[in-house]
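Peer 1: fold the following, please.
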Amino acid sequence: MLERAREFLRIAEKALDAGCYHAAALCTYAAMFWAAIMALERVGIRQERWSHGGLQITFRNELVRRRQQYPRQFAEWLEDAYDLRNDAHYQRTEISAKKVRRIVSHAREFVTAIAERKG
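Peer 2: Presented below is the predicted three-dimensional model:
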């Protein structure tokens, strides 16, 4: 799962560099989604299939609030990435380069922190 998260993050960064903001937003959320699954599995929380909302709530409740393994902003960033992904995928409006750059930066920190955490 970590390699999948890193792959999506690499593609998000390439899309951002190419000015493909919608694609960058989609891949950014995917990177964070897979990293969050890995973080939950490390503490023994596994599901065959995660809904987006279920993953976000479980990450916030278990890894941020209960176990305090990650800062509060990580849960917020995961939700922000999901919202931007939805805008990119389903809305006719353009998304701002500034928002995409910010969320890609947050995803980089999110994926790195999860990758570096042991157990």
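Peer 1: got the contact list for W34?
Peer 2: Contacts for W34 (Cβ atoms under 8 Å, 6 or more residues apart in numbering) come out as 1-2, 4-5, 8. C-beta: built from backbone N, CA, C; applies to glycine.
Peer 1: pretty sure P71 sits against V64.
Peer 2: Yes: if you go by Cβ atoms under 8 Å, P71 and V64 touch, sitting 7.2 Å apart.
Peer 1: the two - which one has more neighbours?
Peer 2: Comparing P71 with V64 by other Cβ atoms under 10 Å, the one with more neighbours is V64, at 18 against 12.
Peer 1: ok, and the closest non-adjacent residue to the more buried one?
Peer 2: A75 (4.7 Å; Cβ to Cβ, 6 or more residues apart in numbering).
Peer 1: may I have the phi/psi pair for that neighbour?
Peer 2: phi -70, psi -40 (degrees, to the nearest 10).
Peer 1: so how far is A24 from it?
Peer 2: As judged by Cβ to Cβ, to the nearest Å, A75 and A24 stand 21 Å apart.
Peer 1: G53 now?
Peer 2: 23 Å.
Peer 1: so which of these two has more stuff around it?
Peer 2: Neighbours were tallied for G53 and for A24 using other Cβ under 10 Å; the higher tally belongs to A24 (27 against 10).
Peer 1: contacting residues around the more buried one?
Peer 2: 12-13, 15-16, 100, 104.
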